[in-house]
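Visitor: structure of the sequence below:
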Amino acid sequence: MTTPNFCTPRDLLRYAVTRFNTAKLFFGHGSAEALDEAAYLILHTLKLPLDKLEPFLDARLLQEEVLQVLAVIERRVSERVPAAYITNEAWLGSYNFYVDERVLVPRSFIAELIPNLFSPWIQDPDAVENVLELCTGSGCLAIMLADAFPNATVDAVDISKDALAVAEHNIRDYKLAGRVNPIESDLYENVPFKKYDLIVTNPPYVNSDSMSRLPPEYMREPQIALAGGEDGMDLVRKIVDGAAERLTPEGMLVVEIGNEREYAEAAFGHLGLTWLTTSQGDDAVFLLTAEQLAK
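Guide: Numbering: from 1, shown residues only. Below is the predicted model of the structure:
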């Protein structure tokens, strides 16, 4: 295969953006548009700094480098596979995680709240000793929670053995073995009974109508990690129902439900949900205290 028309990253960037837009790819796994995703895939493939495209735009590439980039572009277009599965990495805030097809591509509005230690709801972060994260997937939130609360042990729960294998990979990478404990369990079922200061979860919450209309990129992800039943609240109900007996008297539950606020209010509005502000607005993450849950 010859590539006479592709000599520089600039050439490949133009080509990739055209291919991505023509194919009407969906961008919901870290990139907002074709240009961002094309730049990321090109820089990653060429092993260049991800935040420094400009200095390399007109660098002349080896033939084998051009071919490598073209293969990545082709895979993204023909297979509609998320970019994170091609590169085996995903960024969440300043954190980089290993990912593959066994887990969702990390994305969470809760990740925006962790660096601020859920202020003002948690008044003494050093007093947080036990954290439970349900539906951990790649372990990304559990790792961020362990980093944010240095005195805490985090139990990271998932029903999927495959997902937990990825979580264990990331736990090792961040040298958090012993502080982040992966547990195979259907929600609370196999979790050792103890009281938690904080329960956090980004569970499957996509309602059945929305599931039927997901773009191809989302269909490449584990569907068990997305589908939440008719109203998206099947697992959320179980999580809320079981939280009271697992929380300390001052503990709290934080739940991400994406675009499903209407269904969440219908299911749990009587408890008095507190909606936390994220880049999505005030309708993606809710909080319930142990006191509210005990009513």
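Visitor: state the next helix or strand along the chain beyond the longest helix along the chain.
Guide: When the chain is parsed with DSSP state H, its longest helix is helix 63-79. Elements were assigned by DSSP states H and E; along the chain past helix 63-79, the next helix or strand is helix 83-87.
Visitor: hmm, who's touching stretch 210-225?
Guide: 25-26, 28-29, 79-82, 85, 101-105, 135, 137, 159-160, 162-163, 204, 206, 226-227, 232, 259 (CB atoms under 8 Å, 6 or more residues apart in numbering). Where C-beta positions appear, they are placed from N, C-alpha and C, glycine not excepted.
Visitor: list the buried residues in the longest helix of the chain.
Guide: Within helix 63-79, the residues that count as buried by 16 or more other CB atoms under 10 Å are 65-66, 69-70, 72-73, 76.
Visitor: just the residues you listed now: which is nearest Glu184?
Guide: Glu184 has its nearest neighbour among these in Arg76, at 32.5 Å by CB to CB.
Visitor: dump the buried residues of helix 63-79 to JSON lines, plus distance to Ala111 and pLDDT.
Guide: Rendered in JSON lines, the data for the buried residues of helix 63-79 read as follows (distance: CB to CB, whole Å; pLDDT from 0 to 100):
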{"residue": "Glu65", "distance to Ala111": "33", "pLDDT": "96"}
{"residue": "Val66", "distance to Ala111": "36", "pLDDT": "96"}
{"residue": "Val69", "distance to Ala111": "30", "pLDDT": "97"}
{"residue": "Leu70", "distance to Ala111": "33", "pLDDT": "97"}
{"residue": "Val72", "distance to Ala111": "26", "pLDDT": "97"}
{"residue": "Ile73", "distance to Ala111": "29", "pLDDT": "97"}
{"residue": "Arg76", "distance to Ala111": "24", "pLDDT": "97"}
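Visitor: taking these together, which two end up most distant?
Guide: The two members of those with the most space between them (CB to CB) are Glu65 and Arg76, at 17.1 Å.
Visitor: backbone phi and psi for Val131, please?
Guide: Backbone torsions for Val131, taken as degrees, to the nearest 10, come to phi -130, psi 140.
Visitor: now do the strands in this structure.
Guide: Per DSSP state E, the chain carries strands over the ranges 90-92, 95-97, 130-134, 153-158, 180-184, 196-201, 247-256, 274-278, 281-289.
Visitor: now for the ones you listed, which one comes closest to Tyr40?
Guide: Between Tyr40 and the strands of the chain, the shortest gap by CB to CB is with strand 90-92, which sits at 9.4 Å.
Visitor: which parts of the stretch 1-150 of the chain are helices?
Guide: All helices of the stretch 1-150 of the chain, identified by DSSP state H, counting those that start in this stretch, fall at 9-22, 34-45, 63-79, 83-87, 110-113, 140-148.
Visitor: just name the most buried of those.
Guide: Highest mean neighbour count among the helices of the stretch 1-150 of the chain (mean count of other CB atoms under 10 Å): helix 140-148, with a mean of 25.
Visitor: report the angle between the axes of that helix and strand 247-256?
Guide: Here the directions of helix 140-148 and strand 247-256 differ by 130 degrees (axes from the mean of the first three to the mean of the last three CA atoms, to 10 degrees).
Visitor: where does pLDDT dip in the stretch 101-250 of the chain?
Guide: Nowhere does the stretch 101-250 of the chain drop to pLDDT under 70.
Visitor: if we use 90, what do you get?
Guide: 193 (pLDDT under 90).
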